[in-house]
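Enquirer: let's see this in three dimensions:
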Amino acid sequence: MPLPKRFEFNDLPAEEQTELVRVYGPQAKSAAGYSARKIKAIYELSTDEKCFFEGQNFISPHFFVQTLYKLRGEITPLRFHLGLRELARQSEALRTNYCQVGTRTLRIVLEERPLQSDGSIEVLFFNLKNQSPEKIGESLGKYMEADMRREIDIARSPLIRFAVFHTAADEYAVHVTISQLIANYFDITQFFRFVMGKDASLPPASLQKPATLTDRSRPVKGPAREYWEKVLAEAPSLPPLPYSRDSHDDYQQQSYRLAFPAALTDSVLDKARGERKMLMAILQTAWSFMLQGINQTPTAAFCLLPPKNAADAFNLLPVLSRYSNDKLVQQIALRQLQNMMSAPLYDLCDGNPLRQLNGRPETVFDHFLSFYDFLVEDGIYAKAKASPQGQVVAQNSWDARGMKLGVYFHYRAQSLSATFLYDEKRFQPGGVAQLARLYQETMLQAMTDWDKTFSFFRNRLADRLKGETLHQPVSKADDTERRQQISVRLPLLRDCPENTAHLFNRALRQWTLFEGDLISRTIMEKHALFVAEGHLARSLDAGDGWYNPLDIIKPGGWVNETILLPERKVSLVAEVLSEKALLLTIPLEPLQNLLQTSPELARNIIWHALAQMEKYQRLWSQS
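Expert: Numbers count the residues shown, from 1 in each chain. Prediction:
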């Protein structure tokens with residue numbers, strides 16, 4: 001296969017040069033100024049890469065894989081960064097980005113990755129040595145789930161990030177999130193051996209063959225095509241996904257987390273008899289029930305990403321659900337399981353035939369439920385063996401950009417949750433949260449009527465959902481009024497003039513986070529953050545590279561007071577402890593401007609700082 005064509009910056013059309021300068025900064029040698037993102041090479045996409053970027057496939061260039069490794073030995077932040085710098089120097093993959101310039105996308109290779117600035121490879125170091133084994137496993141699971149909700153800008157950001165957890169005297173957990181586009185271009189185990197001090201140097205990088213979509217999918221042909229032609233020919237015209245809307249804007253990812261209540265989880269696990277496959281069937285059957293109930297149609301349609309098989313293939317199942325009134329709810333779930341395990345797989349990578357087979361330009365299969373990693377039981381971290389090259393404990397993968405909504409189910413440590421990754425532009429405000437709530441209500445009713453007929457259950461579900469404005473836009477709350485109502489409870493604004501409070505509120509923005517979500521150092525250094533609802537745990541790096549637990553921030557608290565210091569000696573990160581948290585954020589510059597004009601605000605900040613000093617003096621004496 002011929003190598004992709006390489007371009008020089010000056011050989012590109014003027015409009016493409018302009019776009020690259022906008023994204024990466026000046027590139028010509030004679031250009032004034034400095035760019036930390038100096039381009040070394042520009043390539044057209046390879047045949048394999050084009051499969052990710054064609055825009056008509058189920059998957060997109062935002063396909064990411066996260067892996068948790070357990071290592072034995074010693075890691076220091078200094079050696080880890082040195083190894084990462086050498087790995088980035090050797091491997092173009094760690095310096096690669098993908099940038100759309102007009103009608104095409106180019107692969108961009110930078111000269112270097114900066115170490116401590118925007119565009120650097122993220123590495124976070126957390127000290128968990130004082131936690132119990134059960135607590136460590138819980139913390140790692142929450143981190144992995146929260147990491148799925150973090151977006152990566154493939155044009156500007158590194159396509160890999162790390163988190164290192166010190167879990168015992170000579171034991172570490174290393175979490176790696178990497179784009180599938182570059183995942184096979186270097187050997188992570190050799191990197192681990194170097195940072196653990198087992199190898200004196202990194203071996204020269206060797207260009208491995210990247211995983212291709214065609215290697216990991218199955219084409220629709222022969223009997224499989226005949227099967228799907230028959231099934232999809234019967235697909236009726238269906239209403240769009242509830243609360244969705246048309247949009248031609250660029251994809252803007254948002255996320256929502258649904259944590260099923262413990263009582264509901266226990267009920268579902270009881271009905272599934274602890275079997276993951278049956279649990280999977282119940283979850284997708286309830287989704288069908290919800291769509292039928294909301295849309296008041298006898299049929300529901302969505303896509304299912306089934307569990308990975310021995311070949312690790314990426315395939316999907318279009319699902320058309322229509323149920324007999326006299327069947328029991330549990331019989332329907334069992335039948336769903338049989339269909340899922342026996343139907344021939346449809347090619348995940350081929351979006352056009354899915355539209356052609358059902359004879360419509362736009363498919364009714366506009367969203368998917370993912371169980372790709374669902375049957376892989378996460379290893380119990382405390383029982384997993386550690387090694388210098390890293391032992392895999394858990395692995396997940398995701399990519400929601402191929403459709404308007406992807407729902408990823410998680411089952412670990414007897415808890416059940418779902419992550420909704422969706423295009424914010426294609427849903428009404430608050431629509432996905434409402435959809436998740438209705439799904440939970442449907443699950444509750446299905447468990448209650450498990451031994452009842454479908455017609456009985458359907459009527460009871462209709463009563464349960466009665467009164468919902470199912471086809472009306474979700475009303476958007478007056479953000480300004482809500483911010484004012486919340487901000488008046490902030491101690492910082494106590495006794496401040498009305499004009500100061502008004503200017504403060506005008507600069508505020510609301511930010512909703514979920515359990516396990518991490519607020520990075522970068523955000524902490526650019527925005528002042530205040531907790532309106534929920535609880536956050538702060539961790540502090542005092543200079544050795546490791547983040548150690550500091551304290552808990554409650555509603556009304558200020559997360560990062562040190563943002564006002566011109567020279568900070570420590571850095572902070574924060575993690576959401578509660579199921580959900582609402583933060584108020586204000587950029588540093590507007591806050592500094594207000595301080596110069598409002599002595600009352602400055603006084604309140606001084607009092608807050610003195611109260612914090614008193615708090616830590618008390619804690620120090622108690623320790």
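Enquirer: and R509, how far from K129?
Expert: 37 Å (CB to CB, to the nearest Å). C-betas here are computed from N, CA, C, even on glycine.
Enquirer: residues touching A418, list them.
Expert: 257-258, 260, 407-410, 436, 439 (CB atoms under 8 Å, 6 or more residues apart in numbering).
Enquirer: for P61, what are its contacts?
Expert: 49, 52-53, 98, 105, 154, 179, 181, 401.
Enquirer: and which of these is nearest to S387?
Expert: Among the contacts of P61, S179 lies closest to S387 (CB to CB), at 25.3 Å.
Enquirer: who's that closest one bridged to?
Expert: F64 (DSSP bridges).
Enquirer: is it in contact with F64, as I believe?
Expert: Yes. Here S179 lies in contact with F64, judged by CB atoms under 8 Å, at a distance of 5.7 Å.
Enquirer: overlap in contacts of these two?
Expert: What both S179 and F64 touch, as defined by CB under 8 Å, 6+ apart, is the set I152.
Enquirer: name the spans of the stretch 351-500 of the chain whose pLDDT lies under the cut-off.
Expert: Scanning the stretch 351-500 of the chain with the threshold set as pLDDT under 70 gives 351-364, 377-379, 400, 402, 467-484, 487-488.
Enquirer: most neighbours out of the contacts of P61, which is it?
Expert: When neighbours are counted by other CB atoms under 10 Å, F52 leads these with 26 neighbours.
Enquirer: ramachandran angles for that residue?
Expert: As for F52, its main-chain torsions (degrees, to the nearest 10) stand at phi -80, psi -30.
Enquirer: again with H410
Expert: phi -130, psi 130.
Enquirer: compute the number of surrounding residues for it.
Expert: Count around H410 with other CB under 10 Å applied: 19.
Enquirer: for the closest residue to it other than its chain neighbours, which three-state class applies?
Expert: Distance criterion CB to CB, 6 or more residues apart in numbering; nearest residue to H410, sequence neighbours excluded, is S417 at 4.9 Å. Of the three states, S417 takes strand under DSSP: H, G, I helix; E, B strand; the rest coil.
Enquirer: and S417, what are its bridge partners?
Expert: Taking DSSP bridges as the rule, S417 bridges to A259, H410.
Enquirer: right, and it touches L258 too?
Expert: Yes. Counting by CB under 8 Å, S417 touches L258, with 6.3 Å between them.
Enquirer: just the strands in the stretch 51-200 of the chain please.
Expert: Assigned by DSSP state E, counting those that start in this stretch, the stretch 51-200 of the chain shows strands spanning 64-72, 96-101, 104-110, 123-127, 160-168, 171-179.
Enquirer: to A609, which of the ones you listed lies closest?
Expert: strand 123-127 (26.2 Å).
Enquirer: what residues does the closest one touch?
Expert: With contacts defined as CB under 8 Å, 6+ apart, strand 123-127 is touched by 77, 80-81, 84, 161-166, 518, 520, 539, 541, 545-549, 573.
Enquirer: again, only using 10 Å
Expert: Strand 123-127 is contacted by residues 75-77, 80-81, 84, 115, 139-140, 143, 160-167, 172-175, 518, 520-521, 539, 541, 544-549, 573, 575 when judged by CB atoms under 10 Å, 6 or more residues apart in numbering.
Enquirer: which of the residues you listed count as buried?
Expert: 75, 77, 80-81, 84, 139-140, 143, 160-167, 172-175, 518, 521, 539, 541, 545-548, 573, 575 (16 or more other CB atoms under 10 Å).
Enquirer: want to throw the strands of the stretch 51-200 of the chain into CSV with distance to G390?
Expert: Listed next are those as CSV, based on distance: least, CB to CB, whole Å:
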stretch, distance to G390
strand 64-72, 3
strand 96-101, 23
strand 104-110, 27
strand 123-127, 15
strand 160-168, 11
strand 171-179, 7
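Enquirer: nearest to D326, of these?
Expert: So among those, strand 64-72 is nearest, using CB to CB, at 44.4 Å.
Enquirer: how far out from the middle of the chain is the closest one?
Expert: Distance of strand 64-72 from its chain centroid, counting by CA atoms, centre = their mean, to the nearest Å, is 16 Å.
Enquirer: give me the neighbour count for S598.
Expert: Neighbours around S598, by other CB under 10 Å: 20.
Enquirer: how about it: what's its closest non-neighbour residue?
Expert: T500 (4.3 Å).
Enquirer: what is the neighbour count of the one you found?
Expert: 17.
Enquirer: what does L20 give?
Expert: Around L20 sit 21 other residues, with neighbours defined as other CB under 10 Å.
Enquirer: and what of E533?
Expert: E533: 14 neighbours (other CB under 10 Å).
Enquirer: I'd assumed L582 was in contact with it.
Expert: Yes. In this structure, E533 is within contact of L582 by CB atoms under 10 Å, at 4.1 Å.
Enquirer: overlap in contacts of these two?
Expert: Residues within reach of E533 and of L582 at once, by CB under 10 Å, 6+ apart, are 486, 512, 555.
Enquirer: ok, V573 to T76 distance?
Expert: 19 Å.
Enquirer: equivalent analysis for M148, please.
Expert: In this view, M148 and T76 are 29 Å apart by CB to CB.
Enquirer: what of V101?
Expert: Per CB to CB, V101 is found 41 Å from T76.
Enquirer: count the neighbours of L3 for me.
Expert: For L3, using other CB under 10 Å, the count is 8.
Enquirer: how much space between the residue lying closest to it once chain neighbours are set aside and E229?
Expert: In this structure, L3 finds its nearest non-sequential neighbour in S46, 8.0 Å apart by CB to CB, 6+ apart. Separation of S46 from E229 (CB to CB) stands at 32 Å.
Enquirer: try R460
Expert: Counting by CB to CB, the separation of R460 from E229 is 37 Å.
Enquirer: hang on, isn't S255 packed against F420?
Expert: Yes. At 6.4 Å, S255 counts as touching F420 under the criterion of CB under 10 Å.
Enquirer: what's the single longest helix in the protein?
Expert: With secondary structure taken from DSSP state H, the chain has its longest helix at helix 599-622.
Enquirer: in that one, what counts as buried?
Expert: Going by 16+ other CB under 10 Å, helix 599-622 has these buried residues: 601, 604-605.
Enquirer: what is the nearest of those to I563?
Expert: I605 (11.0 Å).
Enquirer: ok, the nearest residue to the closest one once chain neighbours are set aside to R506 distance?
Expert: Nearest non-adjacent residue to I605, counting by CB to CB, 6+ apart: L492, 6.5 Å away. To R506, L492 is 15 Å away according to CB to CB.
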